[in-house]
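J.: everything below, folded, please.
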Amino acid sequence: MGYCQLCGKFIKTEKGKYLCYDCWKKKNKKKNTNSDDNNNTNNKSKYITYILKINSEHKHYIGYTNSIKRRLYEHRDGQVKDTKGLEPMLIFFEIFENKEDALHREKVLKNMNNYELNEVIVEFKDLIRELNN
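T.: Predicted coordinates:
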């Protein structure tokens with residue numbers, strides 16, 4: 001069980017499958033209609049949706065960016081008002097091919113309650129632990 005990576009809907013999933021049927025269908029339809037664009041995906045930027053844990057409080061910051069290194073520097077350097085002086089730590093991220101999908105996922109994560117958000121984070125940590133073994 002888990003959550004669809006694009007829409008955030010809770011799904012019963014097989015290992016390695018993280019899209020609900022509707023999102024999978026929409027993504028495959030885009031691939032088939034834009035075959036010329038798919039040949040150039042290596043030249044395009046990737047977008048990252050991420051969650052930061054704020055150490056001094058039990059809060060999270062959710063955002064998206066096209067440069068995670070730059071954005072983490074901005075958070076830690078105090079350039080972001082919401083995390084200034086709070087020692088943010090990266091605890092979750094997902095990579096997307098385009099800005100729209102990353103922005104959509106950010107909105108889905110921001111609309112989750114704390115229990116749902118913690119389930120997504122725990123699932124991510126479990127995946128990292130599994131990959132490291």
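
J.: strands of this protein, residue ranges please.
T.: With strands called from DSSP state E, the chain shows them at 2-3, 10-11, 47-54, 59-65, 88-96.

J.: state the mean pLDDT of the first one.
T.: Averaging the model's pLDDT scores along strand 2-3 yields 66.

J.: so where is the protein shaky, pLDDT-wise?
T.: 1-3, 5-6, 8-22, 24-25, 27-44, 56-57 (pLDDT under 70).

J.: in it, where's the longest helix?
T.: In the chain, with assignment by DSSP state H, the single longest helix is helix 114-132.

J.: now the angle between strand 47-54 and that helix, please.
T.: 110 degrees (axes from the mean of the first three to the mean of the last three C-alpha atoms, to 10 degrees).

J.: just the C-alphas of helix 114-132, formatted as PDB.
T.: Output of helix 114-132 as PDB, limited to C-alpha atoms (Å, rounded to 0.1, in the frame of the first residue of the first chain):
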ATOM      1  CA  ASN A 114      -0.100  15.200   9.700                       C
ATOM      2  CA  TYR A 115      -0.900  11.500   9.800                       C
ATOM      3  CA  GLU A 116      -1.000  11.100   6.000                       C
ATOM      4  CA  LEU A 117       2.200  13.200   5.600                       C
ATOM      5  CA  ASN A 118       4.000  11.100   8.200                       C
ATOM      6  CA  GLU A 119       2.900   7.900   6.300                       C
ATOM      7  CA  VAL A 120       4.500   9.300   3.100                       C
ATOM      8  CA  ILE A 121       7.700  10.200   4.900                       C
ATOM      9  CA  VAL A 122       7.900   6.700   6.600                       C
ATOM     10  CA  GLU A 123       7.300   5.000   3.300                       C
ATOM     11  CA  PHE A 124      10.200   7.000   1.800                       C
ATOM     12  CA  LYS A 125      12.500   6.200   4.700                       C
ATOM     13  CA  ASP A 126      11.700   2.500   4.300                       C
ATOM     14  CA  LEU A 127      12.500   2.700   0.600                       C
ATOM     15  CA  ILE A 128      15.800   4.300   1.300                       C
ATOM     16  CA  ARG A 129      16.600   1.700   3.900                       C
ATOM     17  CA  GLU A 130      15.700  -1.100   1.500                       C
ATOM     18  CA  LEU A 131      17.800   0.400  -1.300                       C
ATOM     19  CA  ASN A 132      20.800   0.700   1.100                       C
END
